[in-house]
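Chemist: mind folding the following:
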Amino acid sequence: MTVNLPYGIYRAVATVLSPPNSKQENGTSDAAAPSSGRAFWWIGTATVTGAIVMAMELTAFRLYAPYFGNSIYVWGSMISVVMLALSAGYSLGGWIADSRPSDTVLYCIVLGSGVYQLLIVFLMRAVLLKLWQSGDFLGPVLATAIIFGPPMVALAMTSPFVIRLLARAGHVGITVGKVFALSTAGSIAGVLGTSFYLVPRFGTRVTMEILCGASIVVGAAGLMMRRKAAVLLALPAAIIFFAPAPAPPAGIIWSGESAYNRILVVEKNGFRWLVLNDGRFSQTTERVGGGSSGFYLDEFALGPVIAPARNLLVLGMGAGGSIQASRAVAPETEIEAVEIDPEVVRVAHEFFGLPQSDPRVHVHIADARPWLAAHAAKSDLVHIDLFQGGPYVPFYLTTAEFFRLVRSRMADRGVLIVNVYDKSPKKELLQAMGATMRQVFPSLERLSRADGNHILFAFAEKHELAETVARLKQGAGPAWVQELALKAAAEMVEFEPRDGAVIFTDDRAPIEEMTRRMLVEKAK
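Modeler: Got it, this is the predicted structure:
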C-alpha cells in the first residue's frame with residue numbers, strides 16, 4: 001500500500017514529461033554517463049537542497065515559538081518529525097531513482113516541493129492558529145507534518161536520486177562520498193545563513209519565501225536543461241514577492257525578529273506589553289502614561305523600600321519594567337542592566353521609555369551568567385527575571401552554582417529579588433527554586449500573587465521578617481507603591497521549602513520538565 005500512491009504519481013508525472021522515445025532525451029540515453037556540466041549541476045542541486053532543508057528546520061523552530069513556546073519539548077517534537085520526513089524522503093528517492101533514473105523526474109520533485117511551500121506561505125498562520133492549543137508535543141508534531149513534512153520528504157529525495165544518476169559514470173564509492181559531503185556542506189551553509197542572516201535580518205515569513213523561491217528556481221532550472229518551456233514553471237515563485245504580507249492582528253504596534261526572539265509590542269486598553277516568542281505570556285507590561293500596571297514587575301518597586309540601595313543590578317532587563325518600578329522609589333540609584341538581546345534593548349528605548357542618555361543607567365548586551373562572572377562589582381540590590389520568552393527559564397540561571405555567583409556580587413546587606421512563575425497546585429517548581437536559593441542565602445521571604453508569579457526576596461545576611469514588615473509599613477515613593485507596600489506587609493511570609501524539594505545544580509536542573517508539568521496542570 002505504501003508504494004502504490006507514489007508510484008502512481010510518478011507514472012503520471014513521467015507520462016506527461018517523457019518524450020515519445022523514453023530512452024532518448026535530447027539525443028542522450030538515460031543510461032549514458034553524464035557530461036561534466038550535467039554532473040556538476042546535479043551535485044549542486046544536492047548541495048542547495050541540503051541547505052534548504054536545514055534552513056527550513058531552523059525556521060520552523062522560530063515560526064512555532066509564538067504558538068507553542070520555545071522549550072526543549074518543542075525542539076524535540078519538531079526534530080522527530082523532520083527526521084521521519086528525511087528518512088521517508090531518502091527511501092522514496094532511492095526507490096523512484098531506481099525505477100526511473102531521469103533528472104526530469106528529480107527536478108519535477110524539487111519543483112513540487114517549491115509549489116507546496118508557496119501554498120504554505122499563505123496558509124501557515126491559519127494552520128498554527130488551529131493547532132496552538134494542542135500542547136508542546138502534539139502541536140509541533142502536527143504543524144511540522146503539515147507545513148514542513150511534504151517539502152522535506154521531496155527535498156530529501158535529492159541525494160539518493162543524484163547518487164543514482166552519477167553512478168552511470170562508475171566510481172560509486174567516490175560518488176556517494178562526494179554527494180554526502182557537499183550535501184552536508186550545504187546543510188552547514190543553511191544553518192549558518194539562516195541563524196546569522198536570514199531570520200535576524202528578514203524574519204520568518206520572508207525567510208520561508210526565499211526558501212520557496214530557491215526550490216522553485218532549482219526545479220525549473222533543472223527542467224529547462226531538458227525543456228526550455230519549463231521556464232514558465234518558475235513563474236509561481238514571483239507570486240511570493242508581490243503578494244502583500246498579512247496585516248498584523250489588532251493591537252500590535254510593532255513586530256520584528258532578532259537572533260534570539262520573535263518580538264511583539266502590543267498596546268490595548270491603556271496598557272503596553274512586550275511579548276517574546278510565546279503569545280500567551282508578557283515579559284513587560286506598563287500603563288501608558290505611567291503609574292502602577294498591576295503586573296508582577298510592580299513588586300520590584302518594593303526592593304528600595306525594604307533595603308535602601310545606592311546601586312542596582314538587573315539580570316534579564318526585558319523592556320526595563322523592574323528598572324522603572326525601582327526608580328519610582330529611588331530615582332538616584334545607579335543601575336547596571338544586562339540583557340542578551342540587542343533588539344529588545346532597542347525596543348525598550350523606543351516603546352517603553354527606558355532612558356538612553358541617563359548617566360545612571362548602564363545597559364550591557366550579554367548573557368547574564370558569563371557577564372556576572374566577568375564583573376566583580378558589588379550591588380546593594382539585584383533583580384533576576386530571566387525567561388526565554390514564555391514561562392521557561394534557562395536552566396543554568398537557576399542552579400546553586402549560579403546563585404553562589406550572584407551572592408558573591410552582592411553587598412553584605414544586599415537583597416536579591418527573583419520572580420518565579422508557578423501556577424500548579426503542588427508548586428513543585430517554586431519549592432525547587434526556594435530550596436536551591438536556601439543553599440546559598442540565610443534568609444528567604446516570599447510574596448505570592450494570584451496570577452502565579454511568586455516574588456522571592458533573598459538576603460545576603462540573616463534577616464528577620466519583622467524587619468521587612470516594619471519597613472513596608474513605613475512605605476516610600478509614590479502613592480501606588482505605598483499602597484502596594486502595605487498590602488505586601490500583610491502577605492509577606494518566611495519561605496522554608498518543604499523537605500525533599502529538588503535542588504537545581506549545573507549537573508542536574510530539571511526545570512523544563514517541571515515547567516511543562518506545571519503548564520499541563522494549569523491547562524487542566
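Chemist: what about residue 278, neighbour count?
Modeler: 25 (other C-beta atoms under 10 Å). Bear in mind the C-beta positions are built from the backbone N, C-alpha and C, glycine included.
Chemist: sorry, wrong one. I was asking about residue 465.
Modeler: If we define neighbours as other C-beta under 10 Å, then residue 465 has 14 of them.
Chemist: now do residue 76
Modeler: When neighbours are counted by other C-beta under 10 Å, residue 76 registers 13.
Chemist: what strand or helix carries it?
Modeler: Taking DSSP states H and E as the criterion, residue 76 maps to helix 72-99.
Chemist: elements contacting the following helix or strand past that helix?
Modeler: Downstream of helix 72-99, the first helix or strand assigned by DSSP H and E is helix 103-131. Judged by 3 or more C-beta pairs under 8 Å, 6 or more residues apart in numbering; DSSP states H and E, helix 103-131 is in contact with helix 4-17, helix 36-68, helix 72-99, helix 138-143, helix 149-156, helix 158-166, helix 204-224, helix 236-242.
Chemist: where does the stretch 101-250 of the chain dip in pLDDT?
Modeler: Across the stretch 101-250 of the chain, residues meeting the criterion (pLDDT under 70) sit at 168-173, 226-250.
Chemist: got the helices and strands packed on helix 103-131 as CSV, with distance to residue 386 columns?
Modeler: CSV is the format used below for the helices and strands packed on helix 103-131 (distance: least, C-beta to C-beta, whole Å):
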stretch, distance to residue 386
helix 4-17, 48
helix 36-68, 17
helix 72-99, 16
helix 138-143, 24
helix 149-156, 34
helix 158-166, 42
helix 204-224, 24
helix 236-242, 38
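Chemist: nearest to residue 361, out of those?
Modeler: Residue 361 lies closest, by C-beta to C-beta, to one member of the helices and strands packed on helix 103-131: helix 36-68, at 29.1 Å.
Chemist: quick revisit: for residue 332, find the nearest of the helices and strands packed on helix 103-131.
Modeler: The nearest among those, by C-beta to C-beta, is helix 36-68 at 38.6 Å.
Chemist: any buried residues in the closest one, and which?
Modeler: 38-39, 41-68 (16 or more other C-beta atoms under 10 Å).
Chemist: all helices of the stretch 251-400 of the chain, in order?
Modeler: 302-306, 321-329, 342-351, 368-374, 400-408 (DSSP state H, counting those that start in this stretch).
Chemist: where do the strands sit along the stretch 351-500 of the chain?
Modeler: 361-365, 379-384, 410-421, 443-448, 453-459, 493-494 (DSSP state E, counting those that start in this stretch).
Chemist: to residue 115, which of these lies closest?
Modeler: Using C-beta to C-beta, the nearest of the strands of the stretch 351-500 of the chain to residue 115 is strand 361-365, at 41.5 Å.
Chemist: flag every buried residue along the closest one.
Modeler: So strand 361-365, judged by 16+ other C-beta under 10 Å, has buried residues 361, 363.
Chemist: how far off centre is that strand?
Modeler: Averaging C-alpha positions (C-alpha atoms, centre = their mean, to the nearest Å) puts strand 361-365 24 Å from its chain's average.
Chemist: equivalent analysis for stretch 505-514, please.
Modeler: 19 Å.
Chemist: and for stretch 426-442?
Modeler: Counting by C-alpha atoms, centre = their mean, stretch 426-442 is centred 27 Å from the centre of its parent chain.
Chemist: who touches it?
Modeler: 398-400, 403-404, 406-407, 416, 418, 420-422, 444, 446, 454, 456, 458-463, 495-498, 501-504, 511, 514-515, 517-518, 521 (C-beta atoms under 8 Å, 6 or more residues apart in numbering).
Chemist: same question, stretch 468-477
Modeler: Residues contacting stretch 468-477 (C-beta under 8 Å, 6+ apart): 301-302, 304-307, 328-330, 445, 457, 481-482, 485-486, 488-489, 492.
Chemist: of those residues, buried ones?
Modeler: The buried subset of these - by 16+ other C-beta under 10 Å - is 301-302, 304-307, 328-330, 445, 457, 481-482, 485, 488-489, 492.
Chemist: report the buried members of the contacts of stretch 426-442.
Modeler: Here, 16+ other C-beta under 10 Å leaves 398-400, 403, 406-407, 416, 418, 420-422, 444, 446, 454, 456, 458-460, 463, 495, 497, 501-504, 511, 514-515, 518 buried among the contacts of stretch 426-442.
Chemist: next, residue 423: phi, psi?
Modeler: In terms of degrees, to the nearest 10, the main-chain angles of residue 423 are phi -110, psi 20.
Chemist: and it, how many neighbours?
Modeler: 17.
Chemist: with residue 466 instead?
Modeler: 8.
Chemist: likewise for residue 349?
Modeler: Residues near residue 349, counting by other C-beta under 10 Å: 16.
Chemist: wait, which of the helices and strands packed on helix 103-131 is closest to residue 196?
Modeler: It's helix 36-68; of the helices and strands packed on helix 103-131, that one is closest to residue 196 (C-beta to C-beta) at 10.6 Å.
Chemist: how far does that closest one sit from its chain's centre?
Modeler: Distance, centroid of helix 36-68 to centroid of chain: 19 Å (C-alpha atoms, centre = their mean).
Chemist: then stretch 457-477?
Modeler: In terms of C-alpha atoms, centre = their mean, the centre of stretch 457-477 is found 38 Å from the chain centre.
Chemist: quick one: average pLDDT of that stretch?
Modeler: Averaging pLDDT along stretch 457-477 gives 93.
Chemist: next, count neighbours for the nearest residue to residue 341 once chain neighbours are set aside.
Modeler: The shortest distance from residue 341 to any non-neighbouring residue, by C-beta to C-beta, 6 or more residues apart in numbering, is to residue 260 (4.4 Å). Using other C-beta under 10 Å, residue 260 has 19 neighbouring residues.
Chemist: so who does residue 260 touch?
Modeler: Contacts of residue 260 by C-beta under 8 Å, 6+ apart are 340-341, 343-344.
Chemist: one step back: tabulate the strands of the stretch 351-500 of the chain (a markdown table), appending distance to residue 253.
Modeler: Shown next, in a markdown table, are those (distance: least, C-beta to C-beta, whole Å):
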| stretch | distance to residue 253 |
| --- | --- |
| strand 361-365 | 22 |
| strand 379-384 | 26 |
| strand 410-421 | 25 |
| strand 443-448 | 32 |
| strand 453-459 | 25 |
| strand 493-494 | 39 |
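Chemist: so which of those is nearest residue 154?
Modeler: strand 361-365 (40.5 Å).
Chemist: and the angle from that closest one to helix 342-351?
Modeler: 150 degrees (axes from the mean of the first three to the mean of the last three C-alpha atoms, to 10 degrees).
Chemist: doesn't residue 424 make contact with residue 522?
Modeler: Yes - using C-beta atoms under 8 Å, residue 522 is in contact with residue 424, at 6.5 Å.
Chemist: who's more crowded, these two?
Modeler: A count of neighbours by other C-beta under 10 Å puts residue 424 above the other of residue 522 and residue 424, at 18 against 13.
Chemist: the more buried one reaches residue 521, doesn't it?
Modeler: Yes - using C-beta under 8 Å, residue 424 is in contact with residue 521, at 4.5 Å.
Chemist: which residues touch residue 211?
Modeler: 52, 55-56, 59, 117.
Chemist: try residue 36
Modeler: So residue 36 contacts nothing (C-beta under 8 Å, 6+ apart).
Chemist: check it and give its pLDDT.
Modeler: According to the prediction, residue 36 has pLDDT 71.
Chemist: with residue 350 instead?
Modeler: pLDDT at residue 350 comes out at 93.
Chemist: quick check: closest non-adjacent residue to it.
Modeler: residue 254 (8.0 Å).
Chemist: now the helices for the stretch 401-524 of the chain?
Modeler: Counting by DSSP H, counting those that start in this stretch, the helices of the stretch 401-524 of the chain are 428-438, 465-474, 479-491, 511-523.
Chemist: pLDDT below threshold where in the stretch 351-500 of the chain?
Modeler: In the stretch 351-500 of the chain, residues with pLDDT under 70: 389.
Chemist: if we use 80, what do you get?
Modeler: 388-390 (pLDDT under 80).
Chemist: for residue 460, what are phi and psi?
Modeler: Torsion angles, degrees, to the nearest 10, at residue 460: phi -70, psi -30.
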